[in-house]
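Undergrad: Provided below are the primary sequence and the corresponding predicted coordinates.
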Amino acid sequence: MRFTNKVAIVTGAASGIGRATAQRLYDEGASVALVDRQAGALADVAAGFDDAARVWHGVVDVAREDDVASCVAEVRARFGEIDVLCNVAGIAGGDYSIVAETDTAVWQQILSVNLMGVVHFSKWAAQAMITRGQGAIVNVASVAGVRSGAGGNAYSASKAAVINLTMTSACDLAPSQIRVNAVCPGLIETGMTAPVFERARELNKTDRLGYRCELRRPGRPQEVAAVIAFLASDDASYVTGQALPVDGGNTASLNLPGMKV
């Protein structure tokens, strides 16, 4: 119960890692504000919590700063303060074109959600945290932001930017005792990665899922949520500015094509 009497905002809470994170924080005592732009799915998730007094949900486009500012104000009006922000919302964009065939519109779309969504929520939540001199922000980046081969160019660049923003904002906010960290998931089965898993099942190649990581399997959203909860909790009180891979060992080796059979 590390989050008893604490308030957490979780973006991307309608599915995948966001949903698992909201559940984990709630189970450990937090009041949770669930944020997503998928209204129906978000309402279904919110209805699954048994204590309505500890749950708020709002349909928000993280790419729109006005929406984000209004959301943070509503959460503060409902719960009082904000102790934890988990920036989970993100899109893959489905773009794997080479740089010579870049579609600028696709880049702008991906960056507006994956990067600026983190910027917007960090800005407005941090303002609330600064007044109290405490808080924790956890951003979801990706192993794609660390090395090539885990996502398209725009997606990978957006996640690399989130990692760097995690470090710079940690330095900005440290004087106010606000910690900022990131997790870098590897292959996790979520709605965003569903096409990968569906394709593997169609081809009867599920044994190949996760074969390029040292644990030789994909991860589960709950495994990432557990690490997010650690970083958001007082157990990580001396950890800030870090990007922690949650990838089954993927980034621990060279992992060159053809190295593993």
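TA: Alright, I've got the coordinates. A quick note: this is a predicted structure, and the numbers were derived from the prediction, not measured.
Undergrad: Surely A22 is in contact with V32?
TA: Yes: look at A22 against V32 with C-beta atoms under 8 Å: they come within range, at 5.0 Å. The C-beta positions use only the backbone N, C-alpha and C, and glycine is treated the same way.
Undergrad: okay, and the common contacts of the two?
TA: With contacts defined as C-beta atoms under 8 Å, 6 or more residues apart in numbering, the residues shared by A22 and V32 are 8, 10, 13.
Undergrad: what's the average pLDDT for the helix or strand hosting S112?
TA: Per DSSP states H and E, S112 falls inside helix 104-114. Averaging pLDDT along helix 104-114 gives 96.
Undergrad: can I get the CA coordinates of stretch 10-19 in PDB?
TA: C-alpha atoms of stretch 10-19 as PDB (Å, rounded to 0.1, in the frame of the first residue of the first chain):
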ATOM      1  CA  VAL A  10      -2.300   7.800 -15.600                       C
ATOM      2  CA  THR A  11      -2.500   8.700 -19.300                       C
ATOM      3  CA  GLY A  12      -3.200   6.000 -21.800                       C
ATOM      4  CA  ALA A  13      -5.300   4.300 -19.100                       C
ATOM      5  CA  ALA A  14      -7.800   2.600 -21.400                       C
ATOM      6  CA  SER A  15      -5.600  -0.300 -22.300                       C
ATOM      7  CA  GLY A  16      -2.200  -2.000 -22.100                       C
ATOM      8  CA  ILE A  17       0.500  -0.600 -19.900                       C
ATOM      9  CA  GLY A  18      -1.600   2.400 -18.900                       C
ATOM     10  CA  ARG A  19      -4.500   0.200 -17.700                       C
END
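Undergrad: now do the same end-to-end measure for stretch 6-18.
TA: 18 Å (C-alpha to C-alpha, to the nearest Å).
Undergrad: Equivalent analysis for stretch 1-17, please.
TA: Span of stretch 1-17 from end to end, C-alpha to C-alpha: 20 Å.
Undergrad: now the strands for the stretch 51-200 of the chain?
TA: All strands of the stretch 51-200 of the chain, identified by DSSP state E, counting those that start in this stretch, fall at 55-59, 84-87, 135-140, 178-185.
Undergrad: So which of the ones you listed is the most surrounded?
TA: strand 84-87 (a mean of 30; mean count of other C-beta atoms under 10 Å).
Undergrad: Counting by contacts, list what it packs against.
TA: strand 7-11, helix 16-27, helix 116-130, strand 135-140, helix 221-232 (3 or more C-beta pairs under 8 Å, 6 or more residues apart in numbering; DSSP states H and E).
Undergrad: relative orientation of the second one and helix 221-232 in degrees?
TA: Our comparison of helix 16-27 with helix 221-232, counting by axes from the mean of the first three to the mean of the last three C-alpha atoms, to 10 degrees, yields an angle of 60 degrees.
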